[in-house]
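*Asks:* 3D, please:
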Amino acid sequence: MEAAQQIQGPWLATDRVIVDEAGNVALIQRKNEPFKGAYALPGGFVEPGETVEDACRREVNDEINLEIYDVRLVGVYSNPNRDPRGHIVSIAFTAKADFARLKAAADATQAEVVGNWRGRPLAFDHR
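*Replies:* Numbering: from 1, shown residues only. I've put the predicted structure just below:
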């Protein structure tokens, strides 16, 4: 999706809070606008014919090379102004993963494990 493209929506997306046993969280640094260069939770759009759970797993694998488990629903975030591209509804999940294979891919320039992630400025409404 191009940076200047405005989404009519609402479009459906998923976001993940992936934690390890110590409570550290996997964050990406965004490669593209909006919020290029900012840290964010891994996430992305649900494709036609795909469940939100499958989209969750696919996006995590595509963005940071991780297999996730213990996936649990956090909530639905539907504020029409949460994304500058347009009305995007995000279904957020928590999940666990072994961070040994963590590496940036797809839409991420960097992937890292962060202990005090709540203190960082994050893209969108990910705080």
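*Asks:* Quick check: bridge partners of the nearest residue to L27 once chain neighbours are set aside?
*Replies:* Excluding its sequence neighbours, the residue lying closest to L27 (C-beta to C-beta, 6 or more residues apart in numbering) is Y39, at 4.7 Å. All C-beta spots, glycine's among them, are computed from the backbone N, C-alpha and C. On the basis of DSSP bridges, Y39 is bridged to Q29, L122.
*Asks:* begin at 34 from here
*Replies:* Got it, first residue is 34 now, which makes that one Y72.
*Asks:* For Y72, which residues are in contact?
*Replies:* 60-63, 147, 153-156 (C-beta atoms under 8 Å, 6 or more residues apart in numbering).
*Asks:* Mind pulling up the pLDDT for the closest residue to A156 other than its chain neighbours?
*Replies:* Distance criterion C-beta to C-beta, 6+ apart; nearest residue to A156, sequence neighbours excluded, is F68 at 3.5 Å. pLDDT recorded at F68 is 91.
*Asks:* same thing with F78?
*Replies:* 94.
*Asks:* right, and it touches A46 too?
*Replies:* Yes: when contacts are counted by C-beta atoms under 8 Å, F78 is listed as touching A46 (5.0 Å).
*Asks:* circling back to that earlier point, roughly how far apart are the residue nearest to L60 and N65?
*Replies:* Distance of Y72 to N65, computed by C-beta to C-beta, to the nearest Å: 14 Å.
*Asks:* Contacts for the helix or strand bottoming out on mean pLDDT in the chain next, please.
*Replies:* Across the helices and strands of the chain, mean pLDDT, DSSP states H and E gives its lowest value to strand 40-52, namely a mean of 87. Strand 40-52 is contacted by residues 34, 58-59, 74-79, 85, 88-89, 92-93, 97, 99, 101, 107, 110-111, 113, 116, 118-130, 157, 159 when judged by C-beta under 8 Å, 6+ apart.
*Asks:* Just the buried ones out of those residues, please.
*Replies:* Using 16 or more other C-beta atoms under 10 Å as the burial test, those include 58-59, 74-77, 79, 88-89, 92-93, 97, 99, 101, 110, 116, 118, 121-126, 128, 130, 157, 159 as buried.
*Asks:* ok, which stretches of the chain are helices?
*Replies:* 85-97 (DSSP state H).
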